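sequence unknown, structure follows:
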Ligand SMILES: Nc1ncnc2c1ncn2[C@@H]1O[C@H](COP(=O)(O)OP(=O)(O)OP(=O)(O)O)[C@@H](O)[C@H]1O
Ligand SMILES: [Mg+2]
C-alpha cells in the first residue's frame, strides 16, 4: 500500500493531482472531506513527510464545528473528532499506524467500530494487512518536483470506484 498504485482494481489508472503547495493539499483534502460519509475509509499512504497528516488535518477541519488542532497521532495511534450532521454527529477517527509492527496490535484500537460507524483516516494503512477494508479510497502522496510540491494519486476500491468518477473531475479541475 505504500507503493504508488499503478492501477486500481477496475484496471483504470488512478487519478493524479499536482499539488503546488500545502494550500493545494489542504484544498484537495477539503474536497474529499465534503463527500465523506459514515462508514468511509481513507487510506493515506506515502513516505515520511509527504503530507498525510497535513491532508488529514485539512480534511477534519473542513467539517468540524470549531477549528481543531489535529495533532499527529504518532504516539496515541488514534485521535477522535466529530462532524456535525442532521442526525447529531459522525465520529471521525484519525489513525497513525506507523509504530504498529503486527496487525494484531490494532485489536484494541476499536478499528472495526470506527470502520462501521464513523469516517476513518488511516496513515500507514499497510500495517493493517488483510484487516484493511476493501471498500476504501486510497490517497497516495509523494514528493513533487519542488520542495513544497506533492503529487497525489487517488484510487477507488469498492463503492469508491464509482464515487471517484464524480470526485475525479472536481479535484483535477476538469469539471
Ligand atoms: N504541498 C504540500 N503538501 C503537504 N505538506 C507540505 C507541502 N509542502 C510542504 N509541506 C510540508 O511537508 C510536511 C508534511 O508533514 P506531514 O506531517 O503531513 O507528513 P506525513 O506524511 O504525515 O509524515 P509521517 O509519515 O511522518 O506521518 C509539513 O511540514 C508540511 O508543512
Ligand atoms: Mg503523519
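Thanks, I have it. Note that the coordinates shown come from a computational prediction; the quantities given were computed from them, not determined experimentally. Ligands and ions are numbered 1, 2, ... in the order given.

Report the secondary structure element holding the closest residue to residue 46 other than its chain neighbours.
Nearest residue to residue 46 in three dimensions, chain neighbours excluded: residue 141, at 3.7 Å (CB to CB, 6 or more residues apart in numbering). For every residue, glycine as well, the C-beta is placed using N, CA and C. Applying DSSP states H and E as the criterion places residue 141 in strand 136-143.

Strand partners (parallel or antiparallel) of that strand?
Counting by DSSP bridges, the strands paired with strand 136-143 are strand 41-45 (parallel), strand 150-157 (antiparallel).

Highest mean neighbour count out of the ones you listed?
strand 41-45 (a mean of 25; mean count of other CB atoms under 10 Å).

ok, and does that strand reach over to ligand 2?
No. Between strand 41-45 and ligand 2, judged by CB under 5 Å from the ion, nothing touches; the nearest distance is 7.9 Å.

hmm, who's touching the next helix-or-strand element following that strand?
Per DSSP H and E, the first helix or strand lying C-terminal to strand 41-45 is helix 52-61. Contact partners of helix 52-61, identified using CB atoms under 8 Å, 6 or more residues apart in numbering, comprise 22, 25-30, 32-33, 36, 42, 44-46, 67-68, 70, 72, 81, 92, 94, 96, 121, 123, 139, 141.

So which of these are in helices?
Judged by DSSP state H, the contacts of helix 52-61 include 22, 25, 26, 27, 28, 29, 30, 32, 33 as members of helices.

Give me the nearest residue to the first one, chain neighbours excluded.
With CB to CB, 6+ apart as the criterion, residue 22 has its nearest non-adjacent residue at 6.0 Å, and that residue is residue 54.

neighbours around the one you found, how many?
21 (other CB atoms under 10 Å).

Same check on the one 10 residues further on?
The local packing count at residue 64 equals 16, with neighbours defined by other CB under 10 Å.

residues contacting it?
By CB under 8 Å, 6+ apart, the contact set of residue 64 is 81, 82, 83, 84.

Closest one of those to residue 104?
Closest approach between the contacts of residue 64 and residue 104, by CB to CB: residue 81, at 26.2 Å.

Across the sheet, point out what pairs with the closest one.
Beta-bridge partners, per DSSP bridges, of residue 81: residue 92.

Thought residue 89 was touching it, still the case?
No. Applying CB atoms under 8 Å as the test, residue 81 and residue 89 come out as separate, 9.3 Å apart.

The two - which one has more neighbours?
The neighbour count for residue 81 versus residue 89, taken as other CB under 10 Å, is higher for residue 81 (22 against 13).

pLDDT wise, what is that one at?
Each residue has a pLDDT score; the one for residue 81 is 98.

Next one: the residue in the chain that ligand 2 sits nearest to from ligand 1, what distance?
Of all residues in the chain, the one sitting closest to ligand 2 is residue 53 (3.3 Å; CB to the ion). Distance, residue 53 to ligand 1, using CB to the nearest ligand atom, to the nearest Å: 3 Å.
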